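S.K.: coords please:
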Amino acid sequence: MGTPGCPDVEVVFARGTTEAPGLGAMGQAFVDDLQTKLGGKAVRVYAVDYPASPDFPTAVQGITDASTHVQEIAMNCPETKLVLGGYSQGAAVMGFVTTELIPDGVSASEVPQPMPADIADHVAAVTLLGTPSARFMDVIKQPPVTIGTLYQPKTIELCVPNDFVCSAGNDLGAHARYISDGLVTQAADFAVSKLAESPATGG
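M.R.: Purely as a prediction, here's the structure:
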């Protein structure tokens, strides 16, 4: 059963702006919750390696890193189901990882190639917390986040009401309330339900 050294589930998570390297608080809470809900399944975690700095264009490093890692897992661990997640800037990173289009105004040489379509078969769920809105991205002069067509049916985007990053509201504190308001748990529940309906790929 399965490929030796490969987990049942691999979570690839991108932290939010200025969170310390690793999963960040939201990512850690999400992974802990998911692991509890999946019980005995082997869950491995990969924290996307990128600066997560207020200098948003450096997010391209995260898109490249996450995209490369996802494709490596799909190739080397064909039966492993992937859960892609991100918080804040990390949610933007993951959104761009799934898109099949190079955003307008961005030269193809600046961003990684879109992932091959069959990679989507390996991804069970995409969970995005506090994805920057088009308004927010416009203010920082970045293209809007779009989720790739193949990934839309398995993506959940959660936004605390009036969070200034992901909604039209202006509540700065809301952006920190994903754990306390239960949205991280909602994201984990969504991932669990998608993992349950996603058929095992491979032999």
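
S.K.: mind checking the SS state of residue 125?
M.R.: Counting by DSSP: H, G, I helix; E, B strand; the rest coil, the backbone at residue 125 sits in strand.

S.K.: residue contacts, it?
M.R.: Residue 125 makes contact with 83-84, 154-156, 190-191, 194-195, 198, according to Cβ atoms under 8 Å, 6 or more residues apart in numbering. Every residue, glycine included, has its C-beta placed from N, CA and C.

S.K.: make it 6 Å
M.R.: By Cβ atoms under 6 Å, 6 or more residues apart in numbering, the residues touching residue 125 are 83, 154, 191, 194.

S.K.: List the ones among these that fall in strands.
M.R.: Judged by DSSP state E, the subset of the contacts of residue 125 located in strands is residue 83.

S.K.: now the contacts of residue 125 as TSV including distance to residue 140?
M.R.: Compiled in TSV, the contacts of residue 125 are given as follows (distance: Cβ to Cβ, whole Å):
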residue	distance to residue 140
83	27
154	28
191	28
194	31
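
S.K.: Of the contacts of residue 125, which is the most crowded?
M.R.: Neighbour counts for the contacts of residue 125 (other Cβ atoms under 10 Å) peak at residue 83, which has 29 neighbours.

S.K.: distance of it from residue 11?
M.R.: To residue 11, residue 83 is 5 Å away according to Cβ to Cβ, to the nearest Å.

S.K.: Residue 169 against residue 175, yeah?
M.R.: No - using Cβ atoms under 6 Å, residue 169 makes no contact with residue 175, being 10.4 Å away.

S.K.: So between these two, which is more surrounded?
M.R.: Between residue 169 and residue 175, counting by other Cβ under 10 Å, residue 175 is the more crowded of the two (21 against 15).

S.K.: My guess is the more buried one contacts residue 166. True?
M.R.: No - between residue 175 and residue 166 there is no contact under Cβ under 6 Å: 8.0 Å.

S.K.: Quickly list what's touching both of the two.
M.R.: residue 130.

S.K.: Longest helix in the chain, please.
M.R.: In the chain, assigned by DSSP state H, the helix with the most residues is helix 59-76.
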